[in-house]
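Asker: One predicted model, sequence on top.
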Amino acid sequence: MKRILLPLEETERSLKAVHYIKKNYEPEDAEIILLMADEKLGFGVKSDTEVEATKEIEEKLAVIADSLEGYRVRTMAATGKAGVRITRAAKETGADLVVMTKSSKEDMLNSIGSTTEYVINNCPCDIVIVSEVVSDANSYRGLIYKTASSVVNLRGQLGDKQSECLLPSVNQDCIYHIEVTVGKIRFFHTAYNPDTRNWDLPPVEGQEVTLDIAAGESKDILVKADSTDGKADRIRIVNRDMKKEAVFTYKITAAK
């Protein structure tokens, strides 16, 4: 039985490692170790904040472990630098393999992040980097909305339904009125990059790049008309929760 370490973060890209395991290993062939580290903590004396953060990580790992039904699963909650913790966990558990994505950052689809680079250079076992590149750089796998207003329901990232969507992009300055009724969403605004042929650049100065909106909140977000090589900016909404759904309404109006 192969012992496989899966370093995870609370992002859809990170969870691709879980889908890779399900696709390539039967439950009787692999023991799975799920690791999640909070990099904001772990550099001093263990505090109540760190204890609470560790508890929260354990709860998230339990949700992911439930999705690996039939597999033998262990979970490890940690604080501190992710690369160091991953390498240490691989040594301590005697892992045969580490499965991870190149980077958890939204703007680094085509790059290897510093954490992955550290693990590659220091880990004592084999590393599998899960592919995140689709066959067509301009394609999109989520829901695509083309009306000026709608009600949207996004499932959790471990569900079978879509957990993200694209809102319509327009060719004039406009206001995106967004109100969340259930859960929490994250608003992403990115510009087209002709070098990578993907939407991985920040928008022109003065606009929101990312914005979190929780249930009971509403936001009016200015989006300026802009395009590169004739490709409009991309407005993407993501439900970053692993299990809970998110429901929101949006309406697009011209900016005064």
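Answerer: Good, I have the coordinates.

Asker: after the helix or strand that contains Asn121, next one along is what?
Answerer: Following DSSP states H and E, one finds Asn121 within helix 114-122. Note on helix 114-122: by DSSP H and E, the next helix or strand toward the C-terminus is strand 126-130.

Asker: Report the strands that pair with that next one, each with its relative direction.
Answerer: strand 97-101 (parallel) (DSSP bridges).

Asker: for the record, mean pLDDT for the strand it pairs with?
Answerer: Per-residue pLDDT over strand 97-101 has a mean of 91.

Asker: next one: stretch 143-152
Answerer: 93.

Asker: Start at 159, not 1
Answerer: Sounds good: first residue 159 from here, last item stretch 301-310.

Asker: Only C-alpha atoms, please: export it in CSV.
Answerer: What follows is stretch 301-310, C-alpha atoms only, in CSV (Å, rounded to 0.1, in the frame of the first residue of the first chain):
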residue,chain,number,x,y,z
LEU,A,301,-21.1,28.4,-15.0
ILE,A,302,-21.3,31.3,-17.4
TYR,A,303,-24.0,34.0,-17.0
LYS,A,304,-24.9,36.3,-19.9
THR,A,305,-27.9,38.2,-18.5
ALA,A,306,-27.6,41.6,-16.7
SER,A,307,-29.2,40.2,-13.5
SER,A,308,-29.8,36.8,-12.0
VAL,A,309,-29.9,34.7,-8.8
VAL,A,310,-26.9,32.3,-8.6
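
Asker: What residues of that stretch count as buried?
Answerer: By neighbour count on 16 or more other C-beta atoms under 10 Å, the buried set for stretch 301-310 is Leu301, Tyr303, Ser308, Val310. Every C-beta, even on glycine, is put in place using the N, C-alpha and C of the backbone.

Asker: sorry, back to before: can you tell me what sits against the helix holding Asn279?
Answerer: Defining contact as C-beta atoms under 8 Å, 6 or more residues apart in numbering, one finds that helix 272-280 is touched by 165, 240-242, 244-245, 256, 258-262, 270, 285, 287.

Asker: cool, and stretch 185-201?
Answerer: Against stretch 185-201 from outside (C-beta under 8 Å, 6+ apart): 159-168, 179, 207-208, 211-212, 215, 218-219, 222-223, 226, 228-240, 243-244, 247, 251, 253.

Asker: Now restrict these to buried residues only.
Answerer: For the contacts of stretch 185-201, buried by 16+ other C-beta under 10 Å: 161-168, 179, 208, 211-212, 215, 218-219, 222-223, 226, 229, 231, 233-240, 243-244, 247, 251, 253.

Asker: can you confirm Ile410 is in a helix?
Answerer: No. Counting by DSSP: H, G, I helix; E, B strand; the rest coil, Ile410 is not part of a helix but strand.

Asker: Report the separation between it and Asn182.
Answerer: The spacing between Ile410 and Asn182, counted by C-beta to C-beta, to the nearest Å, is 42 Å.

Asker: And for Ala404?
Answerer: 30 Å.

Asker: the more surrounded of these two?
Answerer: Higher neighbour count among Ala404 and Asn182: Ala404, with 26 against 13, using other C-beta atoms under 10 Å.

Asker: okay, now the nearest residue to the more buried one once chain neighbours are set aside: neighbour count?
Answerer: In this structure, Ala404 finds its nearest non-sequential neighbour in Gly341, 3.3 Å apart by C-beta to C-beta, 6 or more residues apart in numbering. The local packing of Gly341 (other C-beta under 10 Å) involves 20 other residues.

Asker: Over to Asp353?
Answerer: 8.

Asker: repeat for Gln365
Answerer: 15.

Asker: For Lys389, state which of the buried residues of stretch 301-310 is nearest.
Answerer: Tyr303 (17.7 Å; C-beta to C-beta).
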